[in-house]
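> Please find the sequence and the predicted model below.
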Amino acid sequence: MLRRIVAPTTTQPAYCREMRCFLAVEPLELSRKRVLLTGGNGFIGSSVLSALGSMGVSDVIAPARADCDLTHEPEVERLFKEVRPQIVFHLAGLNGGILANQKRPAEFYYQNLMMGTLLIHHAWRAGVERCVVAGAGCGYPSTAPNPLREDDLWNGSPQPESAPYALAKRMLSVQSEAYFRQYGFVCVVAVLGSVYGPHDNFALENAPFMAALVRKFCDAAASRTPAVEVWGTGNATRDCVFVDDVVDALIRCATRSESASTVNVSSGESTSIRNISEILRRLTGYGGAVRWIADRPEGQQHRRLDVTRAFRALGWSASTSLDDGLRKTIDWYVANYPRTEEK
Ligand SMILES: NC(=O)c1ccc[n+]([C@@H]2O[C@H](COP(=O)([O-])OP(=O)(O)OC[C@H]3O[C@@H](n4cnc5c(N)ncnc54)[C@H](OP(=O)(O)O)[C@@H]3O)[C@@H](O)[C@H]2O)c1
C-alpha cells in the first residue's frame, strides 16, 4: 500500500525556486494514460509496476530485456512505435555494488549511457508527456559537501570505483535539461540514494551493499556462522531509502512536474555501515562477531542527500524508518531465498 502525503496545496501554477520549475496545480491523472515502464522485472521497477496496478493504472507496458534490448536503437525505436506511450518510467539499468563496478566498468558505462540516451531521445520523438528516469547518488562528486545538493552534481569527479556508472547517470541530467530547453520536453531525473527492500538483488557477486548485508546476516543467523565479514571499516555512512518510499516519489515526479529537473530521492539521513550492521544483527538475532575487512574498498566515505527540493516540489519525504524497512526486507528475504546450507 502506498503511503500518501498531503502535498503543499496551490491554487495557481506556483514557481518552485528549489526545483526551478512550475508545479502542476492538479496532479496529472495516470489512470487513463498509457505507461511504458522499463526495468519492470527489476527491483525498483517491479515495485513501481505493482503500485501502478493498485492505483488503477491498467495500461502499462513493461518489456523485459528479452523483449527489447534498450541499448540497441532500432529496438528502442520499434518499442516506441508499437507502444505509443504517454508516460515513461525508465528504471532499466545495469546496477551493482563496488565489486561489480570494478570488474565491469566498460559495461556499466556503455549500457547505462546508451539506455538513458536512447530512452529520453525516443520518448521525446514519440511525444511522451512525462518521462521519469533513475539517476544515482553515487554520481555526486566525492569532494562535495554533505548534504549533497542537486546543484553540486558537477562540482568535481565522482568516486573512482564507480565513476563510469556515475558519469553515465550524470548525463541524464544534461540530456533532460537540454531537451527541455530546446524542445520543452519534460524529463525528471530522480537521483536515488541507496535503495533497499523486498525483491532486491541478493546475489553476492553483484548485490548493492544493503542487499548484501541483509543476506550475510540472515544466512549467518540461520547457519550459526561464527563471524560475518563486511568490507571496509564500518565508518562510511550512507543515505538509505526504502523502496516503497522511492516508488511514491517516482510517481509524484510523473504526476507533479511540469519541467525538466533533477531531484534527490532519499531519506536525507546518514547511517554508518557499522550501525546498519548492528540493526541487522539485532533484527536477525545473529549472535556471532562482525569482522571488518578494512583493506577492502568501502566507496565514498560519507553520502547524504539534501531532500529539500523533493519536499518543496513534490510534497514528498521518505517515511519508512530504517528499522521497519530492514524488518520488511529481512522477512521477504527469509521467505523467498534459499538459505546458505540448503544450496
Ligand atoms: N537499487 C539502487 O539502490 C539504485 C540506486 C541508484 C540508482 N538506481 C538505478 O535505478 C534503476 C533501477 O535499479 P534496480 O535496482 O531496480 O535494478 P535491477 O533490479 O538490476 O533491475 C534492472 C532492470 O533493468 C533491465 N535491463 C538491464 N539491461 C537492459 C537492457 N539492455 N535492455 C532492457 N532492459 C534492461 C533488467 O531487465 P531484465 O530483468 O529483463 O534483465 C532489469 O529488470 C537503475 O537504473 C539503477 O541504476 C538504483
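Everything's here; your move.
> And the strands in the protein?
Counting by DSSP state E, the chain has strands at residues 14-16, 21-23, 35-38, 60-61, 87-90, 130-136, 187-192, 194-196, 227-231, 237-238, 240-242, 261-265, 271-272, 289-293.
> Now distance to Val76 too, for those strands, in JSON lines please.
For the C-beta atoms, the positions are set from N, CA and C on the backbone; glycine is no exception. Formatted as JSON lines, these follow (distance: least, C-beta to C-beta, whole Å):
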{"stretch": "strand 14-16", "distance to Val76": "32"}
{"stretch": "strand 21-23", "distance to Val76": "27"}
{"stretch": "strand 35-38", "distance to Val76": "10"}
{"stretch": "strand 60-61", "distance to Val76": "13"}
{"stretch": "strand 87-90", "distance to Val76": "11"}
{"stretch": "strand 130-136", "distance to Val76": "13"}
{"stretch": "strand 187-192", "distance to Val76": "15"}
{"stretch": "strand 194-196", "distance to Val76": "25"}
{"stretch": "strand 227-231", "distance to Val76": "36"}
{"stretch": "strand 237-238", "distance to Val76": "33"}
{"stretch": "strand 240-242", "distance to Val76": "29"}
{"stretch": "strand 261-265", "distance to Val76": "23"}
{"stretch": "strand 271-272", "distance to Val76": "38"}
{"stretch": "strand 289-293", "distance to Val76": "41"}
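> out of these, which comes closest to Gly315?
With distances scored as C-beta to C-beta, the stretch of the strands of the chain nearest to Gly315 is strand 21-23 (8.9 Å).
> Count the neighbours of Val60 for me.
19 (other C-beta atoms under 10 Å).
> out of everything not next to it in sequence, what's closest to it?
Leaving aside its chain neighbours, Val60 sits nearest to Val35 (4.5 Å; criterion: C-beta to C-beta, 6 or more residues apart in numbering).
> The one you found bridge partners, please.
Per DSSP bridges, residues listed as beta-bridge partners of Val35: Val60, Ile87.
> Distance from the chain centre to stretch 142-156, please.
In terms of C-alpha atoms, centre = their mean, to the nearest Å, the gap separating the centre of stretch 142-156 from the centre of its chain is 18 Å.
> what's the span of that stretch, first residue to last?
According to C-alpha to C-alpha, to the nearest Å, stretch 142-156 extends 7 Å from its N-terminal end residue to its C-terminal end residue.
> Also stretch 150-168?
With C-alpha to C-alpha as the measure, stretch 150-168 spans 16 Å from end to end.
> and what of stretch 259-267?
With C-alpha to C-alpha applied, stretch 259-267 spans 24 Å between its terminal residues.
> Begin at 301 from now on, thanks
Got it, first residue is 301 now, which makes that one stretch 559-567.
> How many residues are close by whichever residue of the stretch 351-500 of the chain sits closest to the ligand?
The shortest separation between the stretch 351-500 of the chain and the ligand is 2.3 Å, found at Gly393 (distances taken as C-beta to the nearest ligand atom). Other residues near Gly393 number 24, with proximity taken as other C-beta under 10 Å.
> Check what pLDDT the nearest residue to it once chain neighbours are set aside gets.
The shortest distance from Gly393 to any non-neighbouring residue, by C-beta to C-beta, 6+ apart, is to Asn412 (5.4 Å). pLDDT recorded at Asn412 is 98.
> Spit out the contact partners of Asn412.
If a contact means C-beta atoms under 8 Å, 6 or more residues apart in numbering, then Asn412 has 393-394, 465, 468-469 as its contacts.
> at 10 Å what do you get?
For Asn412, the contact set (C-beta atoms under 10 Å, 6 or more residues apart in numbering) comprises 371, 392-395, 434, 436, 464-469, 471-472.
> Need the phi and psi values for the residue of the stretch 351-500 of the chain closest to the ligand.
Backbone torsions for Gly393, taken as degrees, to the nearest 10, come to phi 180, psi 160.
> which parts of the stretch 351-500 of the chain sit against the ligand?
Residues of the stretch 351-500 of the chain found near the ligand, taking C-beta under 6 Å from any ligand atom as the criterion, are 364-365, 368-371, 391-395, 411, 434, 436, 492, 494-495.
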